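Visitor: Predicted model and sequence follow; I will ask about them next.
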Amino acid sequence: MFAPLARTVARHPRRVLAAWLLLALAAAPFAARVGEVLTAEPEPPATGVARRVADLLGSEFALPQGEVLVAVATPAAGAGGAAFREAAGRTAEAVAALPGVAYVRDGSGAAGLGAGGDAAGRALFVVGLEPQSQDDARATVDAVRRAFADAPAATFELAGGVATLMEVEEVSQRDARRAELYGLPLSLAILLLAFGAVVAAGLPLVSAVTTVVVSSALLFAVGQALEFAVFTRTVVTMLGLATGIDYALLMVTRFREELAAGLGARDAAERTTREAGKAVAFSGLTVVLALLSLLVPPVGFIRSIGVATTVVLVVAVLVAITAVPATLALLGENVDRLRVSRRRPGTRSRRFWRRQADRILGRPALWAVAGVVVLVALALPALRLQVGEPGARGMSPETEARRVVEALADEGLAGLLAPFDVVVDLGDAGFFSPAGVRSVSLLDRALTGLPGVKTVVSPFALRSVPRLLLYQFYASAETARRSEVAPLVEATVSETGRYALLRVLPDAALTPAAGAELLERLRASLASTGLTGLVGGRYVEHLESARAVYGRFPLALAVVGLATTLLLGRAFRSLLIPLKAVLLNALTVAAAFGVLVLTFQDGALAGLVGDATLGFVDTSAPLFVFAMVFGLSMDYEVFLVSRIREGHERGLSDRDAVVHAVAATGGVITSAAAVMVTVFAILMFSHVELIKALGLGLTVAIVLDATLVRLALVPSLMLLAGRWNWWLPGRRGAPSARRPRGGGSG
């Protein structure tokens, strides 16, 4: 397949480039609009207890069950005391009158949410939105923010629900712009060091930009039918830059080698496409196979990232094996124009990596054991991995959402934005019966007394009113709905009276372990009263999403591992090489997981990414890191082993083939890894913990893979395996060893 492609690209370079130029120009306007198809709205599982509870709240209860936001008011400079409270109250009344706002409650309301202010002089308000579409909810939040901005003597900050999602979208767009702003210049500096010429260094950047533009336009087109997660733009920019530069870097390096060997420009471009292009295509295909694992979990958020990353990888490969060699065929020797170094790049690098290869292959068993020990040591913390949904806690302290959450935590109200909803089904008798009132009262007492519970919003939440008096109000539905407790009844008893809601607020932000323990206590208390009911809410929704994601994770691992083994086995006509590659990649991924645990769960390495200790790892991070690391790590495996196989087929001994391959690819792998690490490390400065975790995991994995694994473990294991590297079932015995050449040992 690559021979005809190579001839076409080399013989008709102007037509190939004209096609790509027209495509890029046509794609640019649509690429700029990709943000229109991105959303930060999480998609809960289509089935599950949390969805059933949410449906009941929306259909059975009179009080609108729309988004619930929290606003924190802080006194302006020179303001305070009664004047501040009065100004904040007037602003809250103005907000309550806005279209789309169902209610605004002071923190000192009936729900027992505090004393209306905190020790820092701040005031808390709960803002409930009417049920409405996402677009209408966003418009309402914008109106609320404008009203808060006009408030005298007070500064308001808003978080929760759609308000936090809108800030996440804004932050994600800034992350994507930062990746482009800093990633391209830093990558250019690395490429200048690698190539020593501006033209050669600039070509991979043009390839990367073309990849990002065309991929973004394709996502905009697909986005007309499929909604993409807001982080897609950041991931596409990051992956497009990294792979676009990496693949072009390999092609340019091979082209310069062919020129140095005496081939003409078009012959060198043809050979580059046939050899290096094949390696890029196989490498890209292994990455795509790994990324397809993101399509396995039945969660739209995860699947959208899988589709987006697959698109960008396919485009990156197509650009590298067509547009790049076509450009090289036209440039010829001009690829080295605008030299920034007198020394021809690569000569010193080859000597250095040849010496390193000789040193490693002098004691291959030692290097193999030491390398595996290091990876296993880094991977051990991954055995304690816990995943969870951080919500606004997953934002950096510089964001408004995080500041609001911290203010709530100061008041012991960290659970206000993630309560548990206990919905009790009281049957035909309903709540307004002696048995119904008594049983809900008993459940309210039981839930209120549980460890980890701050307060319970239920029909009995008016702590200032004697419970016996509340019993009288609840003698009938008519009496309750005409009494002073009518607002509470609307919020906690369904219109038919059949269902009662008890909203449980945890006393602190929940880790996965603490949340699971509290959930079990809530279910046990419900069962102990003999009532029939369901426990839902944000935590349960996130728990069910995590189960949906990781319930099929082993299947994704098995499919990706098997497909990669078959693909590499076909490419290298070997059984041992793909098995070794899969195992080493699995160890690299596990090591990256271990570093994530040490950083985000334990806080031992939190200084790497700022204040990032959550007590757990973001639910999506391990899955994203696995898919991208497992795929991208194969790049270097394919690059290196392809050269070893070439040497083997030319008759080199096993040792000489490995030394030659390491010397030829050590520099390009190091340069490619440096570009990837630069791009990925930029993500560690994000204001979103998920993106920070992705940046850290990928950075650690690429560093380990490009140094310890590909340039130490793989060569030593290849030498130790010897002729068994090229054995396939069905062949008779092991292949015979190659005759040593040049004094190398077999």
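Guide: Yep, that arrived. Numbers count the residues shown, from 1 in each chain.

Visitor: Tell me the buried residues in stretch 382-394?
Guide: Within stretch 382-394, the residues that count as buried by 16 or more other C-beta atoms under 10 Å are A382, L385, Q386, V387, G388, E389, P390, G391, A392, R393, G394. Placement of C-beta: from N, CA and C, glycine included.

Visitor: hang on, P419 packs against L502?
Guide: No - if you go by C-beta atoms under 8 Å, P419 and L502 don't touch, sitting 9.9 Å apart.

Visitor: Can you work out which residues contact both of the two?
Guide: V457 (C-beta atoms under 8 Å, 6 or more residues apart in numbering).

Visitor: can you pull out the helices in the stretch 251-400 of the chain?
Guide: 265-291, 300-318, 324-331, 347-362, 364-379, 400-410 (DSSP state H, counting those that start in this stretch).

Visitor: actually the stretch 1-150 of the chain, sorry about that
Guide: Going by DSSP H, counting those that start in this stretch, the stretch 1-150 of the chain shows helices at 2-11, 13-31, 49-60, 81-96, 134-149.

Visitor: Reformat the ones you listed into TSV and put mean neighbour count and mean pLDDT next to each item.
Guide: Formatted as TSV, the helices of the stretch 1-150 of the chain follow (neighbours: other C-beta atoms under 10 Å; pLDDT from 0 to 100):
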stretch	mean neighbour count	mean pLDDT
helix 2-11	17	87
helix 13-31	15	93
helix 49-60	17	85
helix 81-96	17	81
helix 134-149	17	86
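
Visitor: would you list the ones you listed in TSV and tack on distance to E169?
Guide: Output for those, formatted as TSV (distance: least, C-beta to C-beta, whole Å):
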stretch	distance to E169
helix 2-11	40
helix 13-31	18
helix 49-60	23
helix 81-96	22
helix 134-149	10
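
Visitor: before we move on, the earlier item: looking at the helices of the stretch 251-400 of the chain, which is buried most?
Guide: Of all the helices of the stretch 251-400 of the chain, helix 324-331 has the most neighbours on average by mean count of other C-beta atoms under 10 Å, namely a mean of 26.

Visitor: Quick one: list the elements packing against it.
Guide: Counting contacts by 3 or more C-beta pairs under 8 Å, 6 or more residues apart in numbering; DSSP states H and E, helix 324-331 packs against helix 2-11, helix 13-31, helix 198-222, helix 232-260, helix 265-291.

Visitor: repeat that with 6 Å
Guide: helix 2-11, helix 13-31, helix 232-260, helix 265-291 (3 or more C-beta pairs under 6 Å, 6 or more residues apart in numbering; DSSP states H and E).

Visitor: Using CSV, lay out these together with distance to A524.
Guide: Shown next, in CSV, are the helices and strands packed on helix 324-331 (distance: least, C-beta to C-beta, whole Å):
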stretch, distance to A524
helix 2-11, 64
helix 13-31, 53
helix 232-260, 41
helix 265-291, 42
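
Visitor: Of the ones you listed, give the one that comes closest to G530.
Guide: Each of the helices and strands packed on helix 324-331 was scored for nearness to G530 using C-beta to C-beta, and the closest is helix 232-260 (48.1 Å).

Visitor: circling back: I'd like to know which of the helices of the stretch 1-150 of the chain lies nearest to A248.
Guide: Checking the helices of the stretch 1-150 of the chain against A248 by C-beta to C-beta gives helix 13-31 as the closest, at 12.8 Å.

Visitor: what distance separates the closest one from the centre of its chain?
Guide: 30 Å (C-alpha atoms, centre = their mean, to the nearest Å).

Visitor: In the protein, where is pLDDT below threshold?
Guide: Low-confidence segments of the chain (pLDDT under 70): 1, 40-46, 63-66, 77-81, 107-120, 341-348, 463-464, 610-612, 730-746.

Visitor: Please go through it and pick out the longest helix.
Guide: Longest helix in the chain by number of residues, with DSSP state H as the criterion: helix 161-195.

Visitor: Report back the residue of this protein that's furthest from centre.
Guide: Q472 (53.4 Å; C-alpha atoms, centre = their mean).

Visitor: Quick check: closest non-adjacent residue to it.
Guide: T479 (7.8 Å; C-beta to C-beta, 6 or more residues apart in numbering).

Visitor: for the one you found, phi and psi?
Guide: The phi/psi pair for T479 (degrees, to the nearest 10) reads phi -60, psi -50.

Visitor: Kindly report the same for R363.
Guide: Taking degrees, to the nearest 10 as the convention, R363 sits at phi -140, psi 70.

Visitor: rewinding a little: can you give me the buried ones in the longest helix of the chain?
Guide: Buried residues in helix 161-195 (16+ other C-beta under 10 Å): 161-169, 171-172, 175-176, 178-180, 183-184, 186-188, 190-192, 194-195.

Visitor: go on, stretch 481-496?
Guide: Quick answer for stretch 481-496 (16+ other C-beta under 10 Å): R481, V485, L488, V489, E490, A491, T492, V493, S494.

Visitor: Now the phi/psi pair for the second one, please.
Guide: This points to V485. phi -90, psi 10.

Visitor: For it, give me its contacts.
Guide: F473 (C-beta atoms under 6 Å, 6 or more residues apart in numbering).

Visitor: ok, the residue nearest to G561 when sequence neighbours are not counted - contacts?
Guide: Leaving aside its sequence neighbours, G561 sits nearest to V582 (C-beta to C-beta, 6+ apart; 5.2 Å). By C-beta under 6 Å, 6+ apart, the contact list for V582 reads G561, T564, T565.

Visitor: out of the residues you listed, who's nearest L605?
Guide: Nearest member of these to L605, counting by C-beta to C-beta, is G561, at 28.6 Å.

Visitor: Which helix or strand contains that closest one?
Guide: helix 553-572 (DSSP states H and E).

Visitor: Please name every helix or strand in contact with that helix.
Guide: Using 3+ C-beta pairs under 6 Å, 6+ apart: helix 553-572 touches helix 265-291, helix 576-596.

Visitor: Apply 8 Å and report the result again.
Guide: Against helix 553-572 (3+ C-beta pairs under 8 Å, 6+ apart) you get helix 265-291, helix 576-596, helix 621-649.

Visitor: Any chance of JSON lines for those, columns distance to T670?
Guide: Compiled in JSON lines, the helices and strands packed on helix 553-572 are given as follows (distance: least, C-beta to C-beta, whole Å):
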{"stretch": "helix 265-291", "distance to T670": "17"}
{"stretch": "helix 576-596", "distance to T670": "17"}
{"stretch": "helix 621-649", "distance to T670": "10"}
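
Visitor: part of a strand, is A508?
Guide: No - under DSSP: H, G, I helix; E, B strand; the rest coil, A508 sits outside any strand and is assigned coil.

Visitor: If I follow the layout properly, it ends up in contact with E411?
Guide: No - applying C-beta under 8 Å as the test, A508 and E411 come out as separate, 11.3 Å apart.

Visitor: Looking at those two, which has the bigger crowd around it?
Guide: E411 (20 against 13; other C-beta atoms under 10 Å).

Visitor: pretty sure that one is touching A123, no?
Guide: No - E411 lies out of contact with A123 (C-beta under 8 Å); the separation is 10.8 Å.

Visitor: still on that earlier bit, list the buried residues of the helix holding G561.
Guide: Quick answer for helix 553-572 (16+ other C-beta under 10 Å): A556, L557, V560, G561, A563, T564, T565, L567, L568, G569, A571, F572.
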